[in-house]
Every structure is written in structure tokens, then in C-alpha cells.
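Undergrad: The sequence and its predicted three-dimensional model are supplied below.
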Amino acid sequence: MTSAAYDRLQVNLDEIKSLSDLHFAISGGNRGRKYYVAMLNKASVVMICAAWEAFCEDLITEAVGLLTTHCVDYNHLPLLLKKSVARAVKEDKHDLSPWDLAGIGWTRKVKALATAAIEAKTGNFKHHRGAS
């Protein structure tokens, strides 16, 4: 089984490699101070950080998707994840929120918690998804 998160990371790393190739084409491979490439260096650092963040987010989303697809029921989830779902239901002000877990509702709740956790860490930051 391949990881879509890993595949997207590879696409992003290929784009970063293109910046590196451009850097080499402009400045050459000789030792010493390089001129006219400061922006390429900065762009590379930003793209590396964005690619790593996107990979982590994609990996979390992918892992949660696998968990919710392959777990027969909530009892097979990791304990910390079950506690997070329970805490979210307890904190929900809506009186009927526990019913959201009925049937396969727990899968939607787990996915929603993962999405909320990612958004809480990244805010509105639009991460780099490659050339697509």
C-alpha cells in the first residue's frame, strides 16, 4: 500500500529540487559567496517548511481515514483517541450530541476532531500542495 501523503511530499520535494537546480545554474558549483540567489535560498526554506507541514497534515488525515475505515467499531481505536472523542462529546453544549456517535457516527467525530486539530495548529495557512 502506498501513502498519498508521501506521494504528495515527493511532488513538493521535486519542486524544491527545481529551485536547487536553478540556484546551481545561476551561481555555479564553485566555492565562495554566491550572488543573485538570496531569494532562491529564502524560497527554498519556505517551501521546505510548507512541504513538511503539508506532509504532516496529510499523514494525520490519511491515518485517521485508515483507522475509521478499518476499525470494526470504536473499541479498536487507540485509547488516547477514544478519550479525545469522549472529551469533545462531554464539552459539547448540545444535549443530543452523544447521539452523533451512534452507528458509524463515531467515524465522523474522529475525522472532525482530526480536522479541527489541524486547523487549530495551522489556522488559515494555505499549505503548498504541489503543482496540481
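TA: Received, thanks.
Undergrad: Now for Ser3: which residues touch it?
TA: Going by C-beta atoms under 8 Å, 6 or more residues apart in numbering, Ser3 touches Leu59, Glu62. (C-beta placed from N, C-alpha, C; glycine too.)
Undergrad: mind running it again at 7 Å?
TA: Ser3 makes contact with Glu62 under the criterion C-beta atoms under 7 Å, 6 or more residues apart in numbering.
Undergrad: What's the separation between it and Arg33?
TA: Remark: distance between Ser3 and Arg33 (C-beta to C-beta, to the nearest Å) = 40 Å.
Undergrad: Need the residue closest to the centroid of this protein.
TA: Glu57 (1.1 Å; C-alpha atoms, centre = their mean).
Undergrad: secondary structure element for the closest residue to that residue other than its chain neighbours?
TA: In space, and not counting its chain neighbours, Glu57 is closest to Ile118: 5.1 Å by C-beta to C-beta, 6 or more residues apart in numbering. Using DSSP states H and E, Ile118 maps to helix 105-122.
Undergrad: what's that helix in contact with?
TA: 53, 57, 60-61, 64, 67-68, 74, 81, 84-85, 88, 100-101.
Undergrad: Take the residues you listed and lay them out in CSV including secondary structure, distance to Phe24 and pLDDT.
TA: As requested, the contacts of helix 105-122 are exported to CSV (DSSP: H, G, I helix; E, B strand; the rest coil; distance: C-beta to C-beta, whole Å; pLDDT from 0 to 100):
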residue, secondary structure, distance to Phe24, pLDDT
Glu53, helix, 26, 92
Glu57, helix, 31, 92
Ile60, helix, 35, 91
Thr61, helix, 35, 91
Val64, helix, 40, 90
Leu67, helix, 43, 89
Thr68, helix, 45, 89
Tyr74, helix, 52, 86
Leu81, helix, 45, 87
Ser84, helix, 46, 89
Val85, helix, 50, 88
Ala88, helix, 50, 89
Asp100, helix, 54, 82
Leu101, helix, 55, 86
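Undergrad: Pick out whichever of those sits closest to Gly28.
TA: Of all those, Glu53 has the smallest distance to Gly28: 31.9 Å, by C-beta to C-beta.
Undergrad: Cool, thanks, signing off.
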